[in-house]
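Enquirer: generate coordinates for the sequence data below:
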Amino acid sequence: MSSSSNDIRQQLRREMRRRRRALSPAQQRHAAQALVRHFSQHPWFKRSRHLALYLSNDGEIDTRPLIELAWQQGKQVYLPVLHPLSHNRLWFLPYQQDTRLRLNQYRIPEPPLQPHRRRLPWTLDLVCMPLVAFDPQGGRLGMGGGYYDRTFAFLNRQPNWGKPRLLGLAHECQKVEHLPLASWDIPLSAILTDSRLYQAMPTDGSKE
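Expert: Predicted structure coming up:
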C-alpha cells in the first residue's frame, strides 16, 4: 500500500472515530434499537446457531441488544479474544450471561482464556465485526491492528468456503463512497447500520 493511501486511511480513522464519539446518548440508544430491529429480521441471524459478536467501545454502535436477543433465542454467542501465541489473531470463546470477563491489553473486556472451549473461525455461522469506516462494496476500515484480517485470511485463499458470513456493524455516518483497500483486507459479506443493510458480497449466490 502506498504512503498516500495509508495517510488517507489514517485520516479516515480520526474523522470517523470523531463522528461516532460525537453522537449523543439518545442518538446512540436510537441507533442500537434500530440496529436490533433490522438484525432480528435478517435470515442470516435467524439461521445462525453459532455467532460471534463483540462488546462496543469508543462510540461504536451498541451491540448489547443484539447479544441479548441471541441469548433469548437460544443461540451461542462468542466474543473475540486476543490469541495467546499468534500475533494479531483472534480466538472466539463462548459468552454467556454468567461469564466473568477480564480486560485484555487494550482494556477491552473478553472471556477468560480457555483453549478447550474456543470455536474455530471457519465453524462459526456469522461473525459481526466492528469497523471504523465502510463502503457499500464491502470494504472495511478497522483500527489498523489486522486482527480480523489475519484470522479470516482463509476466506481470501478459499473464497468458496462459504462460512462464516462476515457482517460489519456501524452507524450510518461511518459510510464513505470508496475505501482505499490493501491486498490483505478481507471484504465483508454485508454491512448493517441503523438505517439499512448494504449487501456487498453474497457468499452463496443468494440475494437475501
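
Enquirer: tell me who's in contact with Gln76.
Expert: Gln76 sits next to 49-51, 94 when contact means C-beta atoms under 8 Å, 6 or more residues apart in numbering. From N, CA and C alone the C-beta is placed, and that goes for glycine too.

Enquirer: to clarify, my last question referred to Pro112.
Expert: For Pro112, the contacting residues are 93, 99-102, taking C-beta under 8 Å, 6+ apart as the criterion.

Enquirer: among the contacts of Gln76, which ones are buried?
Expert: Neighbour-count burial (16 or more other C-beta atoms under 10 Å) is assigned, among the contacts of Gln76, to 50-51.

Enquirer: tell me which of the contacts of Gln76 is nearest to Met143?
Expert: Checking these against Met143 with C-beta to C-beta, the nearest one is Leu51 at 21.6 Å.

Enquirer: for the closest one, which non-adjacent residue is closest in space?
Expert: The shortest distance from Leu51 to any residue other than its chain neighbours is 4.3 Å, reached at Leu126 (C-beta to C-beta, 6 or more residues apart in numbering).

Enquirer: and the two most separated of the contacts of Gln76?
Expert: Across these, the two members that end up farthest from each other (C-beta to C-beta) are Arg49 and Pro94, 12.5 Å apart.

Enquirer: contact partners for Tyr198?
Expert: 134, 136, 138, 175, 190-192.

Enquirer: nope, Pro136 is what I meant
Expert: For Pro136, the contacting residues are 175, 177, 191, 198, 200, by C-beta under 8 Å, 6+ apart.

Enquirer: which helix is the longest one in the protein?
Expert: Counting by DSSP state H, the longest helix found in the chain is helix 3-21.

Enquirer: starting at the chain centroid, how far to it?
Expert: The gap between where helix 3-21 is centred and where its chain is centred comes out at 18 Å by C-alpha atoms, centre = their mean, to the nearest Å.

Enquirer: buried residues in that helix?
Expert: For helix 3-21, the neighbour count (16+ other C-beta under 10 Å) marks 9, 12-13, 16-17, 20 as buried.

Enquirer: let's have the residues you listed in a markdown table, adding distance to Arg117 and pLDDT.
Expert: Compiled in a markdown table, these are given as follows (distance: C-beta to C-beta, whole Å; pLDDT from 0 to 100):
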| residue | distance to Arg117 | pLDDT |
| --- | --- | --- |
| Arg9 | 35 | 84 |
| Leu12 | 36 | 92 |
| Arg13 | 33 | 93 |
| Met16 | 34 | 95 |
| Arg17 | 33 | 96 |
| Arg20 | 32 | 97 |
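
Enquirer: re earlier: now for the longest helix of the chain, which elements pack on it?
Expert: In terms of contacts (3 or more C-beta pairs under 8 Å, 6 or more residues apart in numbering; DSSP states H and E), helix 3-21 is packed against strand 133-134, strand 140-141.

Enquirer: mind listing what's buried in whichever helix or strand comes after that helix?
Expert: For helix 3-21, the succeeding helix or strand toward the C-terminus, using DSSP states H and E, is helix 25-41. Neighbour-count burial for helix 25-41, counted by 16+ other C-beta under 10 Å, picks out 28, 31-32, 34-36, 39.
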